[in-house]
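Q: The sequence and its predicted three-dimensional model are supplied below.
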Amino acid sequence: MSALVALVGTPPDTPFPPIELACGAVLPGTAHTLDCGTGGEGRPPPRRVPAGAVVFVPPRPAVASVVFLLGRLRSPVTVVAGILGPLLAGAGAAAATLRVVVPVVPAAAVTRQLPSLPPFAMHQWFEVFPPPAALAAAGAAAAPGLAAVAAAAATDGGVLASAAAAAAAAASQATPMAIDTLDAARSTRRVEALLAAEARAVPPSGAVALVGQSLGGAMALHLAARGRLPSVRAVVALSPFLPLAETYPAALRADGGRPNMTVVHAVDDALVPLALGVGGARVLADAYAGGGGRGGVAFVALPEGGHEGYLRSPVAQGLIVAAMVAGVSR
């Protein structure tokens, strides 16, 4: 399933400015407050906030939870305020009982993607090598066809069913993006543990959704592909690629831990090309189809918006909110 969404007046693809929030402050545009779990003098931090994370607490008792994975950033928390504010505002009444957990992305020295610069500190889930030349060439060759398919997706049945998507998936598996697998293993175990804890933090009738943007979106797809998220009902990946695409079997485990996935990608994304997002989504869609059980993959192609500029568009925000809220609503 896929969709082409027309955006009007998408702002330039510029980074979100940091918004400094003190613990206990209200997130602008919402009724959520920032809980850092810091505790007070002589008393331990409250257990309602997972270690290594902050929580945006809703005004009413939480009945569902969203875990939001950021991408590569210099400041791991301040940027998320600018992204989450409009999303929570767009969620309407559902936001009043929606808890949002933001894990602090681990710090690491970036050394491999920018070889012309000395190592510098960033927060990232895992280090990423420059894309292989063959993968970059395949993506460039597929770009016109994918753009044409995306433009017709509203009437022709979708991006993921196309031959261009199949070619992108094959390229993603034949010459995949190389990553630091030790970094990825550590981050995977950490986020899986946090998701399990969130399932215990919400009522039995509640649910947990996982949302990731950029490298956080790649992390979200990887977690979904592992098939070990029995407590997660939906995954929303924004501008992602699929790490370790070559390692995933033809059929994922059908053990009840396969959530529905929505992948959102802009056609004009220069940082993570459309072919990487489509290819990864097609790999997972094929695996889901072969594995049986529940779960499915939807792909939303945006005609513009770059790598993150579309997050400022009310139309795109509405799509993301719809997928996110549907994942935590019965």
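A: That came in fine, so what should we check first? Numbering: from 1, shown residues only.
Q: from here on, contacts and neighbour counts on C-alpha atoms
A: OK.
Q: now the chain, which segments are flagged as low pLDDT?
A: 1-13, 15, 38-51, 76, 109-121, 153-157, 248-257, 290-295, 327, 329-330 (pLDDT under 70).
Q: center of this structure, which residue is that?
A: Centroid-nearest residue in the chain: residue 212, 1.8 Å away (criterion: C-alpha atoms, centre = their mean).
Q: got a list of what the closest residue to that residue other than its chain neighbours touches?
A: Once flanking residues are discounted, residue 212 sits nearest to residue 69: 4.4 Å by C-alpha to C-alpha, 6 or more residues apart in numbering. Contact analysis of residue 69 by C-alpha atoms under 8 Å, 6 or more residues apart in numbering lists 102-103, 105, 210-213, 216-217, 219-220.
Q: mind listing what's buried in the helix or strand encompassing residue 284?
A: If you go by DSSP states H and E, residue 284 is part of helix 274-291. Buried residues in helix 274-291, counting neighbours by 16 or more other C-alpha atoms under 10 Å, are found at 274-289, 291.
Q: And for the closest residue to residue 28 other than its chain neighbours, the neighbour number?
A: Spatial nearest neighbour of residue 28, excluding adjacent residues (C-alpha to C-alpha, 6+ apart): residue 85 at 6.2 Å. Residue 85 has 16 neighbouring residues, counting by other C-alpha atoms under 10 Å.
Q: which SS class is the closest residue to residue 283 other than its chain neighbours?
A: The shortest distance from residue 283 to any non-neighbouring residue, by C-alpha to C-alpha, 6+ apart, is to residue 169 (5.6 Å). Using DSSP: H, G, I helix; E, B strand; the rest coil as the criterion, the local structure at residue 169 reads helix.
Q: residues contacting residue 169?
A: 278-283.
Q: how near is it to residue 314?
A: Residue 169 sits at a distance of 30 Å from residue 314 (criterion: C-alpha to C-alpha, to the nearest Å).
Q: Next: residue 79.
A: Using C-alpha to C-alpha, residue 79 is found at 18 Å from residue 314.
Q: What of residue 32?
A: In terms of C-alpha to C-alpha, residue 32 sits 20 Å off from residue 314.
Q: More neighbours: the two, which one.
A: Between residue 32 and residue 314, counting by other C-alpha under 10 Å, residue 32 is the more crowded of the two (26 against 16).
Q: so residue 191 sits in a strand?
A: No - if the criterion is three-state DSSP, then residue 191 is helix and not within a strand.
Q: Around it, count how many other residues there are.
A: 19.
Q: How about residue 259?
A: For residue 259, the neighbour count with other C-alpha under 10 Å is 25.
Q: what do you get for residue 226?
A: Quick note: residue 226 (other C-alpha under 10 Å) scores 15 neighbours.
Q: For residue 233, list the residues it contacts.
A: Neighbours of residue 233 in contact, by C-alpha under 8 Å, 6+ apart: 207-209, 258-260, 327-328.
Q: And the strands in the protein?
A: Applying DSSP state E to the chain gives strands spanning 2-4, 33-35, 53-57, 64-69, 98-103, 107-110, 120-123, 208-213, 232-238, 260-266, 297-302.
Q: Reformat those as CSV; add distance to residue 23.
A: Output for the strands of the chain, formatted as CSV (distance: least, C-alpha to C-alpha, whole Å):
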stretch, distance to residue 23
strand 2-4, 39
strand 33-35, 5
strand 53-57, 9
strand 64-69, 18
strand 98-103, 14
strand 107-110, 21
strand 120-123, 21
strand 208-213, 23
strand 232-238, 27
strand 260-266, 31
strand 297-302, 35
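Q: To residue 143, which of those strands lies closest?
A: Nearest of those to residue 143, taken as C-alpha to C-alpha: strand 260-266 at 11.7 Å.
Q: quick one: strands adjacent to that closest one?
A: Looking at strand 260-266 with DSSP bridges, its partner strands are strand 232-238 (parallel), strand 297-302 (parallel).
Q: could the ones you listed go into TSV alongside distance to residue 152?
A: Below are the strands paired with strand 260-266 laid out as TSV (distance: least, C-alpha to C-alpha, whole Å):
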stretch	distance to residue 152
strand 232-238	21
strand 297-302	10
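Q: Show me where this protein has its helices.
A: Assigned helices in the chain, in chain order: 78-90, 133-156, 163-174, 181-201, 215-226, 274-291, 314-327 (criterion: DSSP state H).
Q: Using JSON lines, lay out the ones you listed together with distance to residue 307.
A: Formatted as JSON lines, the helices of the chain follow (distance: least, C-alpha to C-alpha, whole Å):
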{"stretch": "helix 78-90", "distance to residue 307": "13"}
{"stretch": "helix 133-156", "distance to residue 307": "15"}
{"stretch": "helix 163-174", "distance to residue 307": "19"}
{"stretch": "helix 181-201", "distance to residue 307": "22"}
{"stretch": "helix 215-226", "distance to residue 307": "11"}
{"stretch": "helix 274-291", "distance to residue 307": "10"}
{"stretch": "helix 314-327", "distance to residue 307": "13"}
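Q: Many thanks, have a good one.
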